[in-house]
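> Make a model of this:
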Amino acid sequence: MDTPQPPKTSWLGRWITARHMVLAGYISKIIMIETGLTYKQLRRLYHDLEGDGYSIERKSRVFRGGATLIQNHTAKIQASILMQLYQNLGGENVARTVNVSALNKAYRMYHAIRKEVGLTGARWSPFDITDAWCLASELRCGDAMLELCDTCQCTYFTSVNQRTCVDCPFCAADKLKAA
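Residues are numbered from 1 along each chain as shown. Purely as a prediction, here's the structure:
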């Protein structure tokens with residue numbers, strides 16, 4: 001994964017973005033990539049937020065990609081829903097940069113849909129915000145894309161790194177129901 005350059009914004013703008021990202025649950029490495037803050041500055045931000053009474057879960061896990069995130073058709077359905085929401089909110093620019101604001105909104109909508117539809121259980125374990133960023137990053141660098149299914153006309157997410165041979169996860173879900 002090539003590392004994108006942080007946006008050319010003011011120091012205060014980057015600090016505010018980092019604050020929002022910490023509160024949303026992003027891992028430190030992603031916050032540093034997106035904002036350009038150093039690890040020392042980020043540690044200070046964590047300390048300041050904890051001093052303000054926020055309970056911050058510091059995640060040290062590494063990036064995951066399509067190889068670990070998309071291993072079956074249920075994960076591919078979830079990735080498709082999440083990334084379609086992200087593209088609808090972020091527009092065509094999501095192919096050039098990760099839009100953290102659009103990704104955060106898409107992530108909240110994804111969880112609202114999961115709750116409404118009742119996607120629960122071990123087969124439907126949810127993506128976290130770091131997973132969402134990793135999928136968006138694959139979309140940005142061209143390792144993933146949203147494709148249109150010729151059969152059902154649904155748009156689905158596919159990654160060159162995924163571990164499932166399912167093309168359209170929505171058609172695959174219909175085939176499983178029919179069996």
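> List the beta-bridge partners for L146.
F157 (DSSP bridges).
> and it, how far is that from C152?
14 Å (CB to CB, to the nearest Å). (C-beta placed from N, C-alpha, C; glycine too.)
> One more: A18?
From A18 to C152 the distance is 41 Å (CB to CB).
> more neighbours, these two?
Legend: neighbour count by other CB atoms under 10 Å for A18 and C152, higher for A18 (22 against 13).
> is it true that the more buried one touches I31?
Yes. Contact criterion CB atoms under 8 Å: A18 and I31 qualify, at 5.2 Å.
> Please enumerate the shared neighbours of those two.
L37, L42 (CB atoms under 8 Å, 6 or more residues apart in numbering).
> So for A75, what's the pLDDT?
Among the per-residue scores, A75 shows a pLDDT of 89.
> Ok, I33 next?
On pLDDT, I33 comes in at 93.
> Confirm it sits in a strand?
No. Assigned with DSSP: H, G, I helix; E, B strand; the rest coil, I33 falls outside any strand and is helix.
> how near is the spatially most central residue of the chain to G53?
Centroid-nearest residue in the chain, with CA atoms, centre = their mean: A132, separated by 1.0 Å. Distance, A132 to G53, by CB to CB: 26 Å.
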